[in-house]
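1. What would the 3D arrangement of this be:
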Amino acid sequence: MATEDEFRAAVEAVSGLTKDPGNDTKLRLYALYKQATEGDVAGKRPGMMDFVGRAKYDAWAATSGMDPAAARTEYVSIVDGLT
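-> Okay, the predicted model is just below:
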C-alpha cells in the first residue's frame, strides 16, 4: 500500500510530466485521485453535451466501491510507470 507521502509525491510528479500520457491514462489518474481523496462519485451524471464532464464522471464511477488506500496505491503505480 502506498503511503500518504508517496501519494502526494505522485500527485506532484504528474504536474511535472513532460510527455502527455494520453486521455485514457489521464482519466484513470483523475478517477483514482478522486476516489482516494473523496470516495465514491456523487451527484448526477453530466448531460450528453458535456463530453469532458461525462467522461470524468464515468471514469470516477468505474472506481466506485474501491478502497481509498487501493486507489492511492494504483495511482502511485501508474505515475511511477510514467516517470
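2. where does residue 53 fall, phi/psi-wise?
-> Main-chain dihedrals, residue 53, degrees, to the nearest 10: phi -60, psi -40.
3. Give me the local confidence score for the nearest residue to it once chain neighbours are set aside.
-> Leaving aside its chain neighbours, residue 53 sits nearest to residue 46 (3.6 Å; criterion: Cβ to Cβ, 6 or more residues apart in numbering). All C-beta atoms are positioned from the backbone trio N, CA, C, and that covers glycine. pLDDT, residue 46: 95.
4. Skip the chain neighbours and tell me the closest residue to residue 7.
-> Residue 7 sits nearest to residue 72 (Cβ to Cβ, 6+ apart), 4.4 Å away.
5. ok now do the closest residue to residue 21 other than its chain neighbours, which residues does it touch?
-> Once flanking residues are discounted, residue 21 sits nearest to residue 82: 5.4 Å by Cβ to Cβ, 6+ apart. With contacts defined as Cβ atoms under 8 Å, 6 or more residues apart in numbering, residue 82 is in contact with 13-14, 17, 19, 21, 25.
6. got a winner among those for most neighbours?
-> Counting neighbours by other Cβ atoms under 10 Å, the top entry in those is residue 14, with 18 neighbours.
7. quick one on the thing from earlier: for the residue nearest to residue 7, what are its contacts?
-> Going by Cβ under 8 Å, 6+ apart, residue 72 touches 1-2, 4, 6-7, 32, 36.
8. picking up where we left off before, take the contacts of residue 82 and keep only those in helices.
-> When these are checked against helices (DSSP state H), the matches are 13-14, 25.
9. so residue 55 touches residue 27, yeah?
-> Yes - applying Cβ atoms under 8 Å as the test, residue 55 and residue 27 come out as touching, 6.1 Å apart.
10. quick one: residue 35 from residue 49, how far?
-> Noted for residue 35: a distance of 26 Å to residue 49, by Cβ to Cβ, to the nearest Å.
11. neighbour-wise, which of the two wins?
-> residue 35 (26 against 7).
12. and the helix or strand hosting that one, which residues are buried?
-> Following DSSP states H and E, one finds residue 35 within helix 23-38. Across helix 23-38, burial judged by 16 or more other Cβ atoms under 10 Å covers 26-36.
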